[in-house]
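1. Sequence and predicted structure below; questions after.
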Amino acid sequence: MLLIGDICASMLLADREIHMKGVIFNVLEEMVTKECDLATWNLVLEECAAEGIYTAGESYPDSELFLLVESISRHTGIAQESLIGAFGEFLFQQLAARYPIFVESESTLKSFLKSVDSVIHMEVKKLYDSPGLPSFTYFEPSEDQLIMKYTSPRKLCILAEGLIRGAASYYKTDISISHPVCMHKGSDHCDLIIRFL
């Protein structure tokens, strides 16, 4: 099971603080205020002693985001793993609305997913300085299957799964995802196996 403590421990072992762009914090705020209310978000900020004003293009410590997620989990009763997955789905919707060119340039879910590392991440690097993106390599064992090999010091594979589910919803494509190889189980990468139904 994915735990915020596992992620924080992996960051500490890397001997450096990893940062995330403010747009991610902005979208988390949008999700909490939409699914709960503004009072819940303010309570979370107060509990985490977070300022709560995030500029989209600026970088903020991952540890702050993880503290927010822990607090949201406590206040909503939603397990952290489920919360991160749901956030991934919501995040995809919001990023697609902010940057429609990325989704409009691909006609199918599979072609979109295969463009993430070589096209979308390259464009994101032009928009943001040091965005700290994960890397993906791809294997296509059959026409109805795509394996995305995920590597990242953040080990946010559950967020990646949520983003994939969000993309599937956008492209109106039924999928199943399995995750037999995982960094949280000692591997150096995660295999996200997407089957197109």
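-> Perfect, I can see it now. Residues are numbered from 1 along each chain as shown.
2. taking the mean pLDDT, what do you get for the longest helix seen in the chain?
-> Looking across the chain with DSSP state H, the single longest helix is helix 80-98. Computed over helix 80-98, the mean pLDDT rounds to 95.
3. Run through who's touching it.
-> Residues outside helix 80-98 that contact it (Cβ atoms under 8 Å, 6 or more residues apart in numbering): 1-4, 23-24, 27-28, 30-31, 69-70, 72-73, 76, 78, 102-103, 156, 158-167, 169-170. The way it works is simple: take the backbone N, C-alpha and C, and place the C-beta from them, glycine included.
4. And those residues, which of them are buried?
-> If you count burial by 16 or more other Cβ atoms under 10 Å, the buried members of the contacts of helix 80-98 come out as 2, 4, 23-24, 27-28, 31, 69-70, 72-73, 78, 102-103, 156, 158-167, 169.
5. Strands - which of those land there?
-> Nothing among the buried ones among the contacts of helix 80-98 maps onto strands, per DSSP state E.
6. Looking at these, which are in helices?
-> Using DSSP H, those in helices are 4, 23-24, 27-28, 31, 69-70, 72-73, 102-103, 158-167, 169.
7. show me what contacts the residue nearest the centre of the chain?
-> The centroid of the chain falls nearest to residue 159 when counting by Cα atoms, centre = their mean (3.6 Å). Going by Cβ under 8 Å, 6+ apart, residue 159 touches 84, 85, 87, 88, 91.
8. between those, which is closest to residue 55?
-> residue 91 (17.5 Å; Cβ to Cβ).
9. burial measure for that closest one, as a count.
-> Burial of residue 91 is recorded as 21 neighbouring residues (other Cβ atoms under 10 Å).
10. The one 3 residues further on now?
-> Counted with other Cβ under 10 Å, the burial measure for residue 94 works out to 17 neighbours.
11. Need the contact partners of stretch 22-40.
-> For stretch 22-40, using Cβ under 8 Å, 6+ apart, the contacting residues are 41, 44, 52, 54-60, 64-65, 68-69, 72, 75-76, 86-87, 90-91, 94-95, 98.
12. go on, stretch 143-155?
-> Residues contacting stretch 143-155 (Cβ under 8 Å, 6+ apart): 2, 6-7, 10-11, 14, 18, 62, 110, 113-114, 116, 132-141, 157, 160, 164, 183-184, 188-197.
13. Write the PyMOL selection for whichever of those are buried.
-> In PyMOL, this line selects whichever of the contacts of stretch 143-155 come out buried by 16+ other Cβ under 10 Å:
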select buried, resi 2+7+10+11+18+62+110+113+114+116+133+134+136+157+160+164+183+184+189+190+191+192+193+194+196
